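Visitor: My questions are about this predicted structure, shown below with the sequence.
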Amino acid sequence: MSEADLVKARRANLAELRAHGIDPFATLRYDVTAHARDLSVRYVQLQAGEAPEEEHAIAGRIMSIRSAGKTFFADLVDRSGKIQIYVRKDQIGDERFAAFATLDRGDLLGARGRLFRSKMGELTLRVGDFEVLGKALQPLPDKWHGLTDVEKRYRQRYVDLIMNAEVRETFIKRSQIVAEMRRFIDARGFLEVETPVLLNVAGGAAARRFRTHVNALDIDVDLRIATELNLKRLIVGGLERVYEIGRTFRNEGIDTSHFPEFTMLELYAAYWSKDDMMAFNEELMAHLVQFVHGGESLVYRGREISFKRPFARIGYLEALEKFGKLRRDELLSAQGCKKIMEGLGLGFSPTHPHALDKIFESVVEPHLVDPTFVYDIPVVLSPLAKRKPGDPDITDRYELFCHHFEIANAFSELNDPDDQRMRFEAQIRERASGDEEIPPPDWDFVNALEYGMPATAGIGIGIDRLVMLLTDNTSIRDVLLFPLQRPAPAEEQSESGETLGRHRIGPVL
């Protein structure tokens, strides 16, 4: 049968259901008393022939139906897993049995009955009554080709979630990971806050901005590229320990570890240094690995990675010398970096910071597999970090790398308003040279620092990359529920141009 024929048949089954007095879209609620996984644990010792008296009501999606004359077996999947149900004509009656026979794979069902173990040893609910809770008018794919049809997976995530238990588990784990991070942070005296997404000046990072317009005020604004500057304003205001987990936007490229819309944790602690933050960061990572995997290690892309403390540590310039035989004086010079770029075949970079970043990415990052703190990062890369005492070219900053990509970025925050003003002025010169990733200065932040900000350490952690690592996913889009896509192809649109998905809207019965 063609897909159009399958849809037509399902609509005919909908009409048949209604002829039996069942409207699958009319139910307001269903009293669920148990879930599949709970029942499988509770009745793990149930033997064939045993019949507990207790009744249970479950609800979920029918993922398979098998008919055997006057009986049906079906697999019902709820949020916790799968359970088999068993329907007999002589137990529910001719009329109800005929109605059940019109159900399709993908329909939503509530079923009440008692448990038993089938001859094949499978825990099964013997249905005494059922209620149709929703009708699937589109057929589920026989096999969802997630690996070969990734665009369709992301575009129709709802089908991906229905068909792939692994995908559902990833997003359940993501939610649990974020919740556990909050518990961990809250227990250490931090206050969760919310700062604006729309800003007059988007600062706190070197990134290309998204611009939009606020009609009510008739002004252009930026979507935030970081929450840093507003969170540090709160430190100035006396809140002392604050954090935010929220969406951040950077109008840049897309690859397996970058996306224009992503989730960041940013956290700031007054009276902490970079070393205090490093200890906190290490403890948090080890805790999350234990929470998700039950031990000190995880497997990512087939390789076991240990998060046993203490993590490895190496200086930024030390790493470039170790892995690339590159000297400090070359790296801290714009001309020196230009020559290194040419020697490595990395092409052209418009500014010194951009060149230095590309050199590190090419020379050092391929060697950073186990969790490694890279510290003492040059000031040219760190416009908001405090200088290292005794070395004005270096900042009191680190980045945490694991399996070749950055997980966290932290530093002792610059709280000298005069130094911050000079660095913003240097950024203006870099921006004028053609680096569009450098935002315009937020001069009000300098004004805030002039009211006095205590010694403070801050950290940013990419939630999406962290979830990738903890769930063994290799693309950031696999941990984003609805990653931004190009508009649907022309064949997926109606004659009027309205995007409808894979199928056109059928007639209303």
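Guide: Looks like it arrived, so ask away. Residues are numbered from 1 along each chain as shown.

Visitor: Going by C-alpha atoms from here, please, whenever you check contacts or count neighbours.
Guide: Fine.

Visitor: got the buried residues for stretch 346-353?
Guide: 349, 351-353 (16 or more other Cα atoms under 10 Å).

Visitor: now swap in stretch 225-233 and tell me
Guide: Under 16+ other Cα under 10 Å, the buried positions of stretch 225-233 are 225-233.

Visitor: what's the spacing between that stretch and its chain's center?
Guide: 21 Å (Cα atoms, centre = their mean, to the nearest Å).

Visitor: how about it as CSV, C-alpha atoms only?
Guide: The C-alpha atoms that make up stretch 225-233 are tabulated as CSV, following Å, rounded to 0.1, in the frame of the first residue of the first chain:
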residue,chain,number,x,y,z
ILE,A,225,26.0,35.8,23.3
ALA,A,226,26.7,35.3,27.1
THR,A,227,25.2,36.0,30.4
GLU,A,228,28.5,37.1,31.9
LEU,A,229,28.3,40.8,32.2
ASN,A,230,24.8,40.9,33.8
LEU,A,231,25.7,38.2,36.3
LYS,A,232,28.8,40.2,37.3
ARG,A,233,26.6,43.2,37.7
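
Visitor: and that stretch, average pLDDT?
Guide: For stretch 225-233, the mean per-residue pLDDT is 97.

Visitor: got it, and stretch 383-392?
Guide: The average pLDDT for stretch 383-392 rounds to 93.

Visitor: what's it in contact with?
Guide: Contacts of stretch 383-392 with the rest of the structure, by Cα atoms under 8 Å, 6 or more residues apart in numbering, involve 204, 376, 379, 393-397, 411-415, 420, 423-424.

Visitor: Show only the entries of those residues found in helices.
Guide: With helices defined by DSSP state H, the entries of the contacts of stretch 383-392 inside them are 420, 423-424.

Visitor: so Thr372 makes contact with Arg309?
Guide: No: between Thr372 and Arg309 there is no contact under Cα atoms under 8 Å: 10.8 Å.

Visitor: Tell me which of these two has more neighbours.
Guide: Between Thr372 and Arg309, Thr372 has the larger neighbour count (other Cα atoms under 10 Å), namely 24 against 13.

Visitor: so what's that one bridging to?
Guide: With DSSP bridges as the criterion, Thr372 is bridged to Ala312, Phe401.

Visitor: before we move on, which element is Ala74 in?
Guide: Using DSSP states H and E, Ala74 sits within strand 71-78.

Visitor: which of the residues in that strand are buried?
Guide: 72-78.

Visitor: before we move on, what about stretch 85-104?
Guide: So for stretch 85-104, counting by 16+ other Cα under 10 Å, buried means 85-89, 92, 96-97, 99-101, 103-104.

Visitor: Could you tell me which of the contacts of stretch 383-392 belong to strands?
Guide: Of the positions in the contacts of stretch 383-392, 393-395, 397, 411-412 sit in strands, assigned by DSSP state E.

Visitor: Give me the buried subset of those.
Guide: Among these, those scoring as buried are 394-395, 397, 411-412 (criterion: 16+ other Cα under 10 Å).

Visitor: Save those as CSV, and put in distance to Arg465 too.
Guide: As requested, these are exported to CSV (distance: Cα to Cα, whole Å):
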residue, distance to Arg465
Ile394, 27
Thr395, 25
Arg397, 20
Phe411, 20
Ser412, 23
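
Visitor: quick one, domains of the chain?
Guide: Domains of the chain are assigned by automatic domain parsing as 3-143, 172-311+370-479.

Visitor: most packed of those?
Guide: domain 172-311+370-479 (a mean of 18; mean count of other Cα atoms under 10 Å).

Visitor: Now distance to Ala165 too, for the domains of the chain, in JSON lines please.
Guide: Output for the domains of the chain, formatted as JSON lines (distance: least, Cα to Cα, whole Å):
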{"stretch": "domain 3-143", "distance to Ala165": "8"}
{"stretch": "domain 172-311+370-479", "distance to Ala165": "10"}
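
Visitor: closest one to Glu166 among those?
Guide: Glu166 lies closest to domain 172-311+370-479 among the domains of the chain, at 9.8 Å (Cα to Cα).

Visitor: So which residues of the stretch 351-500 of the chain form strands?
Guide: 372-375, 387-388, 391-395, 397-402, 405-412, 456-462 (DSSP state E, counting those that start in this stretch).

Visitor: Distance to Tyr300 added to those strands, as CSV?
Guide: Converted to CSV, the strands of the stretch 351-500 of the chain look like this (distance: least, Cα to Cα, whole Å):
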stretch, distance to Tyr300
strand 372-375, 16
strand 387-388, 35
strand 391-395, 32
strand 397-402, 10
strand 405-412, 13
strand 456-462, 17
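
Visitor: Look at Thr499 and report its pLDDT.
Guide: Reading off the model, Thr499 has pLDDT 45.

Visitor: same question, Ser494
Guide: For Ser494, pLDDT reads 44.

Visitor: picking up where we left off before, out of the contacts of stretch 383-392, who's nearest Val41?
Guide: Nearest to Val41 among the contacts of stretch 383-392, counting by Cα to Cα, is Phe411 at 47.0 Å.

Visitor: show me the contacts for the residue lying closest to the closest one once chain neighbours are set aside.
Guide: The shortest distance from Phe411 to any non-neighbouring residue, by Cα to Cα, 6 or more residues apart in numbering, is to Arg397 (3.9 Å). By Cα under 8 Å, 6+ apart, Arg397 lies in contact with 274, 375-377, 385-386, 409-412.

Visitor: Distance of Arg397 relative to Leu414?
Guide: Taking Cα to Cα, to the nearest Å as the measure, Arg397 falls 11 Å from Leu414.

Visitor: Just the buried residues of stretch 225-233: which are in strands?
Guide: The members of these all map outside strands under DSSP E.

Visitor: Show only the entries of these found in helices.
Guide: Using DSSP H, the buried residues of stretch 225-233 in helices are 228-233.

Visitor: Can I get the buried residues of stretch 225-233 in CSV including distance to Val289?
Guide: Shown next, in CSV, are those (distance: Cα to Cα, whole Å):
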residue, distance to Val289
Ile225, 28
Ala226, 26
Thr227, 26
Glu228, 26
Leu229, 30
Asn230, 30
Leu231, 27
Lys232, 29
Arg233, 32
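
Visitor: can you pull the alpha-carbon coordinates of stretch 203-211 into CSV?
Guide: The C-alpha coordinates for stretch 203-211 follow below in CSV (Å, rounded to 0.1, in the frame of the first residue of the first chain):
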residue,chain,number,x,y,z
GLY,A,203,29.0,41.3,25.4
GLY,A,204,30.9,38.7,27.5
ALA,A,205,32.3,36.7,24.6
ALA,A,206,33.9,37.1,21.1
ALA,A,207,31.1,36.0,18.8
ARG,A,208,29.0,37.3,15.9
ARG,A,209,25.6,38.5,17.2
PHE,A,210,22.0,38.1,16.1
ARG,A,211,20.3,41.4,15.7
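
Visitor: OK, contacts around the closest residue to Glu425 other than its chain neighbours?
Guide: Among residues not flanking Glu425 along the chain, Pro441 sits closest, at 7.9 Å (Cα to Cα, 6+ apart). Residues in contact with Pro441 (Cα under 8 Å, 6+ apart) are 201, 203, 424-425, 427-428.
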